[in-house]
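J.: give me a 3D structure for the following:
(one chain, ligands or ions: 1)
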Amino acid sequence: MAAGKAYFGSATDNPELADTVYVNGLSNTADFGQITPGNAMKWDTIEPSRGTFSYTNGDAIVSLAQKNGQKLRCHTLVWYSQLPNWVKSGGFDNATLISIMKNHITNEVTHYKGKCLHWDVANEALNEDGTYRSNVFYDTIGPAYLPIAFATAAAADPEARLYYNDYNIESAGSKSTGAQNIVKLIKQYGAKIDGVGFQSHFIVGSTPSESAQTSNMNAFVSLGVEVAITELDIRTTTPSTASAIAQQAKDYAATIGACKAVSKCVGVTIWDYTDKYSWIPSVFSGQGAALPWDENIQKKLDIYNAILNAWGSAPSGATTTANVATSAAATTSAKPTTTSTSGTVAKWGQCGGIGWLGGTVCESGSTCTKSNDYYSQCI
Ligand SMILES: O[C@@H]1[C@@H](O)[C@H](O[C@@H]2CO[C@@H](O[C@@H]3CO[C@@H](O)[C@H](O)[C@H]3O)[C@H](O)[C@H]2O)OC[C@H]1O
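T.: Numbering: from 1, shown residues only. The predicted structure is shown next:
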């Protein structure tokens, strides 16, 4: 799977796949060129007991992405949370836990070999002050668990882009510095790390500015890795207000604008696309309304249009009030009127001067062709 192609995508989860309106919206590649499984590839789902691997949920999401022609970010291999008790409280010695971790990674990455554009190899290894978080891997193995995990994933699927993923690393500070140190550590060990994911679970009005996010991304890029926004949502106190929505639109624009401004920022993923299935209300009491589509799977136009404008790719008809999840007309109106166009990609995310929120977009400097079927081809 080629690296360096930008995308805009959404997380999803298996229970939602029974909702036809929802699936139609998720499958609209004019909006979403990429999917991340929200839970289906986590350790407690994949290997709930030692040596027993269950890929049913993950496979369902892979199949959907393949059917739709969407890229996959695979999430996540080594995380202290949603980790089954047999690992968390197993009392294993160093060598045994290394072997368990390597076996888990090898089995899962091999199962999905060739299907994952990215793997979030390690998730949330840091405390807020940038020191290592105490978890069973760190406490038993030490910081070397990180390079070991990355090297193991690289051996199982050499083509997948390997990511460290965390929250509160989206602007400069101790935790961002800690994440930069993880990149250096993994490289010092001679293991492969390709990218850093900024989860970007933001709060309306407290979202870091575009320039703060841009300069922070560039600090990572200068270490020789790409970056991605991997779990974007911007929560507010519910019920939301008009002023909160106006600020939220600016916050989304700042975040997407930052990724757009950094050539090595390869894509943006929102953490599901509709408030109907957002994880926020269940975790942050009294908070929600964090996503660009509402609980009825209707676009919030202020936010949707702010995203399109920040992405620099508002296709004709994109400001329609129709709901893309239910309206074929909205999908049709989003198609370009020209039959085809080609040229050099002037800037990341733009093909022949017409960019798209979803679908394929090309790297700066490459050549592309685009036709009426939505998809550009990067040459
Ligand atoms: O009961 C559980 C339920 O709690 C669980 O919720 C998921 C928790 O993880 C969420 O994703 C994480 C959000 O932020 C970052 O910290 C992580 O990188 C993400 O993985 C996910 O959206 C929730 O659905 O789901 C399974 C239920 O059995």
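J.: what's downstream of the longest helix along the chain, the next helix or strand?
T.: Selection of the longest helix in the chain by residue count, based on DSSP state H, yields helix 242-261. Downstream of helix 242-261, the first helix or strand assigned by DSSP states H and E is strand 265-270.
J.: show me where the stretch 201-350 of the chain has helices.
T.: Taking DSSP state H, counting those that start in this stretch, the helices of the stretch 201-350 of the chain run over residues 210-221, 242-261, 280-283, 301-311, 328-333.
J.: distance from the chain centre to the shortest one, please.
T.: The reference is to helix 280-283. Centre-to-centre, helix 280-283 and its host chain are 19 Å apart (C-alpha atoms, centre = their mean, to the nearest Å).
J.: heads up, I number from 41, so please use that
T.: Sure, I'll start numbering at 41, so the last one becomes helix 320-323.
J.: can you give me phi and psi for the residue of the stretch 141-290 of the chain found nearest the ligand?
T.: Residue nearest to the ligand within the stretch 141-290 of the chain: residue 163 (5.0 Å; C-beta to the nearest ligand atom). (C-beta placed from N, C-alpha, C; glycine too.) Main-chain dihedrals, residue 163, degrees, to the nearest 10: phi -120, psi 130.
J.: I'd say residue 268 and residue 158 touch.
T.: Yes: with contact defined as C-beta atoms under 8 Å, residue 268 and residue 158 form a contacting pair (7.1 Å).
J.: overlap in contacts, those two.
T.: Counting by C-beta atoms under 8 Å, 6 or more residues apart in numbering, the common neighbours of residue 268 and residue 158 are 113, 203, 235, 237.
J.: how close does the spatially most central residue of the chain sit to residue 175?
T.: Nearest residue to the geometric centre of the chain (C-alpha atoms, centre = their mean): residue 270, 2.7 Å. According to C-beta to C-beta, to the nearest Å, residue 270 and residue 175 sit 20 Å apart.
J.: do the same with residue 286
T.: Distance from residue 286 to residue 175, by C-beta to C-beta: 40 Å.
J.: show me which of the two is the more surrounded one.
T.: residue 175 (17 against 14; other C-beta atoms under 10 Å).
J.: least trustworthy helix or strand in the chain by mean pLDDT?
T.: helix 368-373 (a mean of 24; mean pLDDT, DSSP states H and E).
J.: skipping adjacent residues, who's closest to residue 50 in space?
T.: In space, and not counting its chain neighbours, residue 50 is closest to residue 313: 4.3 Å by C-beta to C-beta, 6 or more residues apart in numbering.
J.: what about that neighbour, how many neighbours?
T.: Neighbours around residue 313, by other C-beta under 10 Å: 27.
J.: one more: residue 182?
T.: The number of residues near residue 182, taken as other C-beta under 10 Å, comes to 12.
J.: also the one 4 residues further on?
T.: By the criterion of other C-beta under 10 Å, residue 186 has 25 neighbours.
J.: how about the contacts made by the closest residue to the ligand within the stretch 291-419 of the chain?
T.: Nearest residue of the stretch 291-419 of the chain to the ligand: residue 319, at 3.6 Å (C-beta to the nearest ligand atom). Taking C-beta under 8 Å, 6+ apart, we find residue 319 in contact with 78, 311-312.
J.: what parts of the stretch 91-240 of the chain come near the ligand?
T.: Residues of the stretch 91-240 of the chain lying close to the ligand by C-beta under 6 Å from any ligand atom are 163, 207, 239.
J.: counting neighbours, what do you get for the last one?
T.: By other C-beta under 10 Å, 21 other residues sit near residue 239.
J.: many thanks, have a good one.
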